[in-house]
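Colleague: Quick one, what's the 3D model for this:
(chains A and B)
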Amino acid sequence: MPRTIHFALTGALLLAACDDAKTEAKAPAPKAEAKTPAKTEAKAPEPVDVKAPEPADAKAPEPIAADPAQPSAPIAAVSTGTCDEKQAATSKEADERAKPYGIVEHLQKNFPDMKVSWLMKETPYQNFVVETGATNFGRCDDTGCYLFAAPTKVIEEAVTKSMNGDVHDPAVIGQALGLPAKNFEGPLRMMTLDLHDAPDACVRLPVDSDPGVWKCQSEEDTDCFKFGGYTSGNVPEVMVINAPVDKAAVKEIQ
Amino acid sequence: MSEEVLYRSPLMYRVLREGSGALVIEVVVGGMAMSAVRVRLHATEADAYAKEGSHFSDRLAREIMANPRFGGRAYDAPD
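Modeller: The predicted structure is shown next:
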């Protein structure tokens, strides 16, 4: 049975459990056609205050204080979306392991606007998203499609900083994201998904058993998976299960 | 060099036959920054693929995702 947890901040921090996240999600609006990605452009991300990443085992985020002087302040919400029994159980285990941190605190701290982004080299994007007519991003098995994603603001800033005219500098993106420059050589695609538009997707902390996890082979490895919601380069990350292709904006990066 | 796609998996990997006849597996690796690497199958691995099909290639792909250098056997897929 799907389980949804929705957290809303309405001046004071309220916590509520409900059965249907769709009731509070914005109406989905298609942003990109997977088969015509070259003609799509991501909207410029809205400014958000993503604090500098900290290790996951750091102290729990400070509670968000309500401002009684502004009771009608706009609603800011984070949601873990719709997680089936398997994903809910995995998320619960991950939160237990990360205590006193957890996915909700992680989203509030690093993904307050619920916008996630990720990058792919152009050729794999064409081979595994466009040519397959994929409906969800990520690595799919019988239990879902698994996608690592970072805050849009972080990816957008790395890309913007790397641009030299119309062409990106892979070394600059690599340095900004704590990954080898060669991961960013050649044309790229930047995908952006507003999770408010994808209420059926599930969001949780990534775990070691997730498809695509690069297991550290030695202490010297710096580009492998480390549990806790941050990459080895200290970039916040989440696992999104069943991120719909037709709700994502796709941007070409030369 | 021409190559034939023998199998494309939703796990984001492909099994290819190169013009030389050699089998190659191409696997998407990485987290929020994804790229692809290739590994040329040894004869024993090619035999296992012939016998087990995607059951074998799924296992091999997961091993490569978990260890993209794959003991030095992996090389970058062409852009």
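Colleague: quick one: buried residues of the host helix or strand of B:Leu60?
Modeller: B:Leu60 is part of helix B:54-66 when elements are defined by DSSP states H and E. Of all the residues in helix B:54-66, those buried under the rule 16 or more other C-beta atoms under 10 Å in any protein chain shown are B:56-57, B:60-62, B:64-66. C-beta: built from backbone N, CA, C; applies to glycine.
Colleague: So which of those residues reach chain A?
Modeller: When contact is defined as C-beta under 8 Å from any C-beta of the partner chain, the buried residues of helix B:54-66 meet chain A at B:62, B:65-66.
Colleague: ok, how many other residues are close to the nearest residue to B:Phe56 once chain neighbours are set aside?
Modeller: Take B:Phe56 and drop its neighbours on the chain: the residue closest to it by C-beta to C-beta, 6 or more residues apart in numbering or on different chains is B:Ala48, 4.6 Å away. Look at B:Ala48: counted by other C-beta atoms under 10 Å in any protein chain shown, it has 17 neighbours.
Colleague: what's the answer for B:Thr44, then?
Modeller: By other C-beta under 10 Å, the residues close to B:Thr44 number 8.
Colleague: and it, what element?
Modeller: Assigned by DSSP H and E, B:Thr44 falls in helix B:43-52.
Colleague: now the angle between helix B:54-66 and that helix, please.
Modeller: 130 degrees (axes from the mean of the first three to the mean of the last three C-alpha atoms, to 10 degrees).
Colleague: and the helix holding B:Leu60, C-alpha only, in CSV?
Modeller: Output in CSV follows, covering the C-alpha atoms of helix B:54-66 (Å, rounded to 0.1, in the frame of the first residue of the first chain):
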residue,chain,number,x,y,z
SER,B,54,20.4,-11.2,-19.5
HIS,B,55,20.7,-13.1,-16.2
PHE,B,56,24.4,-13.0,-16.7
SER,B,57,24.7,-9.6,-18.2
ASP,B,58,22.5,-8.1,-15.4
ARG,B,59,25.0,-9.5,-12.9
LEU,B,60,28.0,-8.3,-14.8
ALA,B,61,26.5,-4.8,-15.3
ARG,B,62,25.8,-4.4,-11.6
GLU,B,63,29.4,-5.4,-10.9
ILE,B,64,30.6,-2.8,-13.2
MET,B,65,28.3,-0.1,-11.8
ALA,B,66,29.7,-0.9,-8.3
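Colleague: how about stretch A:184-192: buried residues?
Modeller: Quick answer for stretch A:184-192 (16+ other C-beta under 10 Å): A:184-186, A:188-192.
Colleague: Contacts only, for the residue lying farthest from the centre of chain B.
Modeller: Distance from the C-alpha centroid of chain B peaks at B:Met32, with 20.3 Å (C-alpha atoms, centre = their mean). Contact partners of B:Met32, counting by C-beta atoms under 8 Å, 6 or more residues apart in numbering or on different chains, are A:117-119, A:148-150, A:155, A:177, A:231, A:235, A:237.
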